[in-house]
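J.: sequence first, predicted model second:
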Amino acid sequence: MAQGRTSAATDEDFITAGGHPTHTHDFHQLLYTPLGRISVFTPGTGHELTPSVALWIPAGTPHSARFHPDSLVVAEPFDADVHELPYARPTVVRIDEGQRRLLLARTRGTGTGADEVAAFLTLTGFPSAALPAPRPTSESARSVARALLRRPEDQRTATQWAESLHTSSTSLRRAFRNETGLAFSEWRTRVRLNRSLDLLDRGHLVSAVAARVGFTSTNGYILAFRKHFDCTPGAWVKGRGEHTDSRPGHAA
């Protein structure tokens, strides 16, 4: 049986007890089977997934699956507009104990949307330094949060957001404070910094990253990064490179 967060599991009509036919998603998907095994077929290749092996399927990739008897399938989606996979094609990844626990927690609903970037980085093979940025729950604040997660570079102030949603800036700010534990400006800064981690991992220059996530100056980005991560973006990239080089099986 396949499990996934219903907000992104758009292929429910395709899934049967035995699998599903060829289709595509507009989101990235990590397929994992904590129990049993499944066979996944992508153009020109077949993949056998077990409790220690998962498969990243980039958005837009045609794929089908066959579920072997008594298998449990976890389909974990990630918004392709928010997250950039380091894989251009379907890629098998080993699942360690920490990643297994994370996947099972998210399946049980105990992994929150606030940790979306942290989960993505962890499941693509890196321990995550992402900052907690809990999602607000009220309608207006949730709409703003969803928009900023997609486009953290949006420069609208809380007052401007409130006007566009026909609410008061006081109510919007109070919602962020009460529902996330963070002021609106701090929540937005964390979202921007978290998105910047993905971009730094992709090799973008610090100045380009700063502009892309919404900082008005490179120096402002560096200062915010240092405040929250206790190092500069350049030092963080260097540390990540050293971590990659030290991973078992990594070819320098």
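T.: Great, that's in hand. Quick caveat, the model's predicted, so the values are computed rather than measured. Numbers count the residues shown, from 1 in each chain.
J.: the closest residue in space to residue 164 that isn't next to it in sequence: neighbouring residues, count only.
T.: Distances taken as C-beta to C-beta, 6 or more residues apart in numbering place residue 156 nearest to residue 164, at 7.5 Å, with adjacent residues excluded. To be clear about C-beta, it is placed using only N, CA and C from the backbone, and glycine gets the same treatment. When counting by other C-beta atoms under 10 Å, one arrives at 14 neighbours for residue 156.
J.: now swap in residue 49 and tell me
T.: For residue 49, using other C-beta under 10 Å, the count is 22.
J.: was I right about it contacting residue 56?
T.: No - in this structure, residue 49 is not within contact of residue 56 by C-beta atoms under 8 Å, at 11.2 Å.
J.: so what does the helix ranked longest in the chain touch, helix or strand wise?
T.: In the chain, assigned by DSSP state H, the helix with the most residues is helix 184-201. Counting contacts by 3 or more C-beta pairs under 8 Å, 6 or more residues apart in numbering; DSSP states H and E, helix 184-201 packs against helix 116-123, helix 139-150, helix 169-180, helix 206-213, helix 218-229, helix 233-246.
J.: turn the ones you listed into CSV, including distance to residue 69, mean neighbour count and mean pLDDT.
T.: Formatted as CSV, the helices and strands packed on helix 184-201 follow (distance: least, C-beta to C-beta, whole Å; neighbours: other C-beta atoms under 10 Å; pLDDT from 0 to 100):
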stretch, distance to residue 69, mean neighbour count, mean pLDDT
helix 116-123, 27, 22, 78
helix 139-150, 39, 18, 93
helix 169-180, 44, 17, 94
helix 206-213, 46, 18, 96
helix 218-229, 47, 16, 93
helix 233-246, 39, 14, 67
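J.: minimum distance to residue 187: which of those has it?
T.: helix 169-180 (5.6 Å; C-beta to C-beta).
J.: mind exporting that closest one as CSV, just the C-alpha atoms?
T.: What follows is helix 169-180, C-alpha atoms only, in CSV (Å, rounded to 0.1, in the frame of the first residue of the first chain):
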residue,chain,number,x,y,z
SER,A,169,-1.0,44.0,9.6
THR,A,170,-1.4,43.7,13.4
SER,A,171,-3.5,40.6,13.0
LEU,A,172,-1.0,39.1,10.5
ARG,A,173,2.0,39.9,12.6
ARG,A,174,0.2,38.5,15.7
ALA,A,175,-0.6,35.3,13.8
PHE,A,176,3.1,34.7,12.9
ARG,A,177,4.2,35.4,16.4
ASN,A,178,1.6,33.2,18.1
GLU,A,179,1.5,30.4,15.6
THR,A,180,5.2,30.1,14.8
